[in-house]
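> sharing a sequence plus its predicted fold:
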Amino acid sequence: MTKVYKIDPKNPDESVLREVAEMIKEGKLVAYPTETVYGLGTNALDENAVKRLFEVKGRPKKPVSVVVSDLDHVERIAEPNETALKLMEKFFPGPITVIVKKKKVIPPIVTAGTDKIGIRMPDYKIPLKLAEFSGVPVTSTSANVSGKPSPTKPEHVIEDFMGKIDAILDAGETPLKIESTVIDTTTEPPKVLRVGALPLDEIKKVVGDLEVLDYRAYKPKAKVVAVFKGDVEEVASRFEGKVCVVREVDDLMDVLRRCKDCDVIVFECADLSEAVRARIMSIADVIYD
């Protein structure tokens with residue numbers, strides 16, 4: 001049975017957070033919101049709990065990042081170098097995952113047998129309090145079945161995991177709607193493994209040169225067409241196969257869910273302001289070729 005808690009993201013009920021944090025400490029699985037997407041949390045120090053997380057997600061045993069509550073917590077589980085510390089001091093809390101050398105306290109299953117671990121400190125009260133109250137690093141893999149886009153709404157999590165995990169914290173839609181930027185600080189220069197919510201230009205101001213290895217985890221197979229002028233239906237009719245016409249594009253992850261089996265995705269942008277158009281194109285540049 002999955003317990004669903006409605007919670008105010010700006011003023012979360014501390015008694016609820018303490019109850020859910022205790023569940024995490026015990027190795028139970030909990031879906032929680034961040035400023036980016038919903039995460040699936042359990043006690044990262046509990047090998048059996050992490051094993052169950054992989055089973056529920058249907059995910060191959062790949063490295064899983066963790067949420068910590070403060071920089072002191074980082075020192076207990078990892079060995080950040082100077083570059084990592086600069087990034088953490090500048091951008092924590094924020095939408096960035098910093099990969100550093102791990103300490104032995106982290107089980108090999110969390111890092112897929114590697115000596116590195118990704119660390120998150122979200123700019124969002126709920127996950128920070130869960131990590132603080134539980135006293136353990138909390139897994140921060142996205143709360144979706146493997147292969148699906150990351151969830152930005154509680155409905156996405158409920159669809160995938162109702163009856164399969166122990167609790168869901170429902171705080172409504174996540175603010176940024178795209179995952180954190182992931183940077184490996186154990187290499188020289190540092191490598192960006194995933195372009196995300198934190199702009200690369202901001203990171204470069206702190207660490208200088210970067211190598212960008214963006215795996216475009218969400219890139220669909222569909223051809224993507226943006227229509228800024230003209231009849232969107234007429235444009236859509238020119239293409240063969242399954243065509244998805246999208247008129248609301250605030251949430252790119254939601255679009256990917258709706259259009260995951262399409263051959264062509266046609267975005268209607270004609271009536272949007274310049275500011276909204278710019279945001280769409282900047283997000284699309286992260287996800288699409």
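Right, received. Where do you want to start?
> drop to CA atoms for contacts and neighbour counts, all remaining ones
Noted.
> for the residue at minimal distance from the centre of the chain, which residues are in contact?
The structure's the chain has its C-alpha centroid closest to residue 179; by Cα atoms, centre = their mean the separation is 3.6 Å. For residue 179, the contact set (Cα atoms under 8 Å, 6 or more residues apart in numbering) comprises 36, 37, 95, 150, 196, 197.
> likewise residue 163?
1, 2.
> got a pLDDT number for it?
For residue 163, the pLDDT comes out at 97.
> one more: residue 238?
pLDDT, read off for residue 238, is 87.
> ok, which pair from the contacts of residue 179 is furthest apart?
Using Cα to Cα, the pair of the contacts of residue 179 lying farthest apart is 95 and 150, separated by 14.5 Å.
> thinking again about what came up before, phi and psi next, for the residue nearest to the centre of the chain.
Backbone torsions of residue 179, given as degrees, to the nearest 10, read phi -70, psi 170.
> for residue 86, see how far away it is.
Distance of residue 179 to residue 86, given as Cα to Cα, to the nearest Å: 21 Å.
> same question, residue 225
Using Cα to Cα, we find residue 225 at a distance of 40 Å from residue 86.
> likewise for residue 119?
Distance of residue 119 to residue 86, given as Cα to Cα: 14 Å.
> and residue 131, by the same measure?
22 Å.
> out of those two, which sits in the more crowded spot?
More crowded of residue 131 and residue 86, by other Cα atoms under 10 Å: residue 131, with 28 against 15.
> residues touching that one, list them.
Residue 131 neighbours (Cα under 8 Å, 6+ apart): 21, 67, 68, 69, 137, 138.
> that one: which element?
Assigned by DSSP states H and E, residue 131 belongs to helix 125-134.
> cool, and residue 53?
Taking DSSP H and E as the definition, residue 53 sits inside helix 47-57.
> what's next to that helix, contact-wise?
Contacts with helix 47-57, where a contact means Cα under 8 Å, 6+ apart, come from 27-29, 40, 42-44, 60-61, 107, 109-110, 143-146, 161, 164-165.
> for residue 186, which non-adjacent residue is closest in space?
Excluding its sequence neighbours, the residue lying closest to residue 186 (Cα to Cα, 6 or more residues apart in numbering) is residue 100, at 5.9 Å.
> look up how far residue 97 lies from residue 114.
Where residue 97 is concerned, residue 114 sits at a distance of 17 Å (Cα to Cα).
> do the same with residue 139
As judged by Cα to Cα, residue 139 and residue 97 stand 12 Å apart.
> same thing with residue 210?
Residue 210 sits at a distance of 15 Å from residue 97 (criterion: Cα to Cα).
> with residue 67 instead?
Plainly put, residue 67 is 9 Å away from residue 97 if you go by Cα to Cα.
> between these two, who's got more neighbours?
Neighbour count, other Cα under 10 Å: between residue 67 and residue 97, residue 97 has more, with 31 against 27.
> ok, that one - contacts?
The contact partners of residue 97, by Cα under 8 Å, 6+ apart, come to 65, 118, 119, 120, 121, 180, 181, 182, 183.
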